[in-house]
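K.L.:
Sharing a model prediction with you, sequence too.
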Amino acid sequence: MNQQLATQLTFSVNGEPVSPQAVSPAMTLLEYLRLSGRAGTKEGCGDGDCGACTVALIGARADGNPQYQAVNSCLIPLGAVAGRQVLTADGITQGRIPKSPLAKEPVTVDQLHPVQGAMVETGGSQCGYCTPGFIMSLFAAYYNGGPDDLAVEGNLCRCTGYLPIRRAAQQVAQTLVVDQFSQQLAAASTELLPVACPGPDTQFYRPTQLSEVLALMQQHPDATLVAGATDLGLEMSWHRQHYPVLISLEAVAELTQMHQTEDAVTIGAAVPLSHIETTLHGVFPSLDEMIHWFAARQVRNRATLGGNIGTASPIGDLPPVLLSLEASLTLSGPGGERTLPLADFFTGYRQTELQPGEVIVSVQIPRTPAPGTARRLAQSYKIGKRGTDDISIVAAAFVVDVDADNTILQARLGYGGVAATPARATAAEDFLVGQPWAMETVQAVKPLLQEAFTPMTDLRGSAEYRQRLVVNLFEKFFVEFP
Ligand SMILES: Cc1cc2nc3c(=O)[nH]c(=O)nc-3n(C[C@H](O)[C@H](O)[C@H](O)COP(=O)(O)OP(=O)(O)OC[C@H]3O[C@@H](n4cnc5c(N)ncnc54)[C@H](O)[C@@H]3O)c2cc1C
Ligand code: FES
Ligand code: FES
């Protein structure tokens with residue numbers, strides 16, 4: 001890496017430059033904020049589920065322009081905020097917030113940021129523990145088209161009730177003013193400079209070129225790759241897992257690009273899901289649907305496709321969709337570059353084809369249906385305990401191409417949560433080809449779907465329930481797309 005460009009661990013919090021000394025770059029941003037006395041940001045769950053720790057980072061929008069992004073500070077390692085601007089609920093008030101509640105000049109409503117003022121006026125806060133997180137989600141959305149329900153889907157409140165909070169969001173949805181924060185945003189740079197942080201116990205690198213990633217992996221065979229840290233952050237904060245060397249992928253040029261041609265879409269492995277959500281909207285409806293139900297805004301602002309595939313979790317939500325779309329992966333390592341179908345990537349429980357020193361560079365999704373296709377039917381389904389911010393019991397994604405006579409030319413049925421890896425129901429797929437797309441065919445394929453997998457029973461659902469979902473979700477697909 002170009003050591004001349006390497007920066008130490010410096011960033012800004014509410015406009016104030018900070019250079020923490022002798023702290024680990026693996027420490028979470030939340031931990032740092034609170035240890036350094038910035039206790040306005042709260043810790044609820046510590047694992048990305050409640051949103052109490054939400055802060056805003058200035059980052060790049062999908063079109064490259066700067067935007068405020070709501071993120072969970074409990075998941076982000078400090079190294080990942082190097083060179084960035086962090087805003088917290090106690091830094092967005094126009095006036096001074098007195099340090100002591102007994103101070104003579106308490107802050108007045110007209111000194112509050114409009115989203116703070118709206119929460120006061122609508123009674124959007126009771127105990128106040130969740131409030132700084134709601135405020136920062138609303139703040140980020142305020143400068144990004146105006147808050148709506150989705151802006152706060154990753155924030156939980158246990159005492160106020162959501163109606164006053166929704167009213168606060170509605171109150172400021174139409175009132176965007178030019179202020180110091182919009183000016184700060186307009187002037188901000190979104191370029192992520194390379195970083196090399198030695199740290200007392202963890203070395204953190206943020207290279208900008210793929211060749212540098214590969215060289216660092218050779219130098220540090222014990223290194224761990226980190227993209228959005230929405231999985232790894234949990235390992236670090238909750239499970240206190242120690243990683244001696246972290247190599248961040250979020251600034252790597254080759255991994256952060258997207259290309260669309262008539263035939264295929266290529267998505268860099270480190271592109272955040274929220275960018276995919278906006279850039280590819282309408283291109284792959286089944287992907288749109290699954291991303292909509294994927295975690296919540298704060299997580300989607302950080303999580304990546306490479307991370308979702310890299311965890312090799314049997315309940316990762318995007319692999320079933322990508323399997324149904326016949327996606328392939330490009331990997332790069334010491335032996336050069338290779339491309340393989342995603343269907344060949346997962347080799348066992350949490351095991352993959354990835355060799356030591358290799359990295360997932362991109363995901364390619366073909367756009368062209370089978371030759372002779374008159375209609376492509378595609379959808380995805382996620383069954384969880386609750387709609388937003390939950391992991392799947394079973395996820396399923398289907399693509400069926402039919403010709404003008406309604407005969408099935410190609411069928412791809414991807415599932416998650418029913419086997420040791422995300423997998424396709426290949427016997428059912430083979431059966432479907434050549435059959436009419438009709439309820440009789442769906443009934444006839446049911447025994448093959450019933451036997452396709454031998455799922456496990458766990459606290460989320462029984463094996464029998466999962467097996468029924470494998471069958472019933474396909475029937476639901478037919479009913480929705482006859
Ligand atoms: C609150 C919460 C809700 C969640 N909800 C969902 C959900 O609804 N559905 C779902 O599927 N998941 C969910 N997750 C899990 C997580 O968000 C996803 O798996 C996400 O896609 C991980 O991406 P990341 O960039 O954050 O990965 P990271 O945490 O940075 O990395 C994850 C793993 O992948 C490896 N890795 C990352 N990039 C690469 C690469 N390019 N090449 C090789 N290896 C790589 C890393 O080394 C690490 O082992 C949730 C997590 C949280 C905290
Ligand atoms: S503390 Fe709950 S999401 Fe971070
Ligand atoms: S105001 Fe108490 S948790 Fe929301």
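P.N.:
Arrived safely. Ligands and ions are numbered 1, 2, ... in the order given.

K.L.:
Helix, strand, or coil at the residue nearest to V13 when sequence neighbours are not counted?
P.N.:
Counting by C-beta to C-beta, 6 or more residues apart in numbering, V86 is the residue found nearest to V13 once chain neighbours are left out, at 4.9 Å. The way it works is simple: take the backbone N, C-alpha and C, and place the C-beta from them, glycine included. Counting by DSSP: H, G, I helix; E, B strand; the rest coil, the backbone at V86 sits in strand.

K.L.:
measure V86 to T41 for me?
P.N.:
10 Å (C-beta to C-beta, to the nearest Å).

K.L.:
what does A169 give?
P.N.:
Distance, A169 to T41, using C-beta to C-beta: 20 Å.

K.L.:
Name the single longest helix found in the chain.
P.N.:
In the chain, taking DSSP state H as the definition, the longest helix is helix 463-480.

K.L.:
Now do the buried residues in that one.
P.N.:
Residues of helix 463-480 classed as buried by neighbour count (16 or more other C-beta atoms under 10 Å): R466, Q467, L469, V470, V471, N472, L473, F474, K476, F477, F478.

K.L.:
which residues touch the residue nearest to V13?
P.N.:
Listed by C-beta atoms under 8 Å, 6 or more residues apart in numbering, the contact set of V86 reads F11, S12, V13, N14, L29, L33, V55, A56, L57, S73.

K.L.:
So which of these belong to helices?
P.N.:
Those of the contacts of V86 mapping onto helices are L29, L33, per DSSP H.

K.L.:
Widest-spaced pair of the contacts of V86?
P.N.:
S12 and S73 (14.4 Å; C-beta to C-beta).

K.L.:
more neighbours, those two?
P.N.:
Each of S12 and S73 has its neighbours counted (other C-beta atoms under 10 Å); S73 has more, 29 against 16.

K.L.:
so Q171 is in which element?
P.N.:
In the assignment (DSSP states H and E), Q171 maps to helix 162-173.

K.L.:
which residues are in contact with that helix?
P.N.:
Applying C-beta under 8 Å, 6+ apart, the contact partners of helix 162-173 are 114-115, 118-119, 121-124, 134, 138, 141-142, 146-149, 151-152, 157.

K.L.:
could you redo the last one with a cut-off of 6 Å?
P.N.:
P114, V115, A118, M119, T122, G123, G124, F134, L138, Y142, G146, P147 (C-beta atoms under 6 Å, 6 or more residues apart in numbering).

K.L.:
one step back: between the contacts of V86, which has the most around it?
P.N.:
For these, the largest neighbour count, defined by other C-beta under 10 Å, is 33 neighbours, found at V55.

K.L.:
looking only at pLDDT, what's the mean for the longest helix of the chain?
P.N.:
Per-residue pLDDT over helix 463-480 has a mean of 98.

K.L.:
How far away from the center of its chain is that helix?
P.N.:
With C-alpha atoms, centre = their mean, to the nearest Å as the basis, helix 463-480 stands 26 Å off its chain's centre.

K.L.:
which strands and helices sit next to it?
P.N.:
For helix 463-480, the elements it packs on are strand 375-384, strand 392-402, helix 439-450, judged by 3 or more C-beta pairs under 6 Å, 6 or more residues apart in numbering; DSSP states H and E.

K.L.:
CA-only coordinates of that helix in PDB, if you can.
P.N.:
Taking Å, rounded to 0.1, in the frame of the first residue of the first chain, the C-alpha atoms of helix 463-480 are listed here in PDB:
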ATOM      1  CA  ALA A 463     -38.200 -29.400  10.600                       C
ATOM      2  CA  GLU A 464     -41.800 -30.200   9.600                       C
ATOM      3  CA  TYR A 465     -42.800 -26.600   9.500                       C
ATOM      4  CA  ARG A 466     -39.800 -25.800   7.300                       C
ATOM      5  CA  GLN A 467     -40.600 -28.700   5.000                       C
ATOM      6  CA  ARG A 468     -44.100 -27.500   4.600                       C
ATOM      7  CA  LEU A 469     -42.900 -24.000   3.800                       C
ATOM      8  CA  VAL A 470     -40.600 -25.400   1.000                       C
ATOM      9  CA  VAL A 471     -43.800 -26.800  -0.700                       C
ATOM     10  CA  ASN A 472     -46.300 -24.100   0.200                       C
ATOM     11  CA  LEU A 473     -44.200 -21.100  -0.800                       C
ATOM     12  CA  PHE A 474     -43.900 -22.600  -4.300                       C
ATOM     13  CA  GLU A 475     -47.700 -22.900  -4.400                       C
ATOM     14  CA  LYS A 476     -48.000 -19.400  -3.200                       C
ATOM     15  CA  PHE A 477     -45.700 -18.300  -6.000                       C
ATOM     16  CA  PHE A 478     -48.000 -20.000  -8.500                       C
ATOM     17  CA  VAL A 479     -51.100 -18.400  -7.000                       C
ATOM     18  CA  GLU A 480     -49.500 -14.900  -7.200                       C
END
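
K.L.:
what is the orientation angle of it with strand 375-384?
P.N.:
150 degrees (axes from the mean of the first three to the mean of the last three C-alpha atoms, to 10 degrees).

K.L.:
Brilliant, that's me finished.
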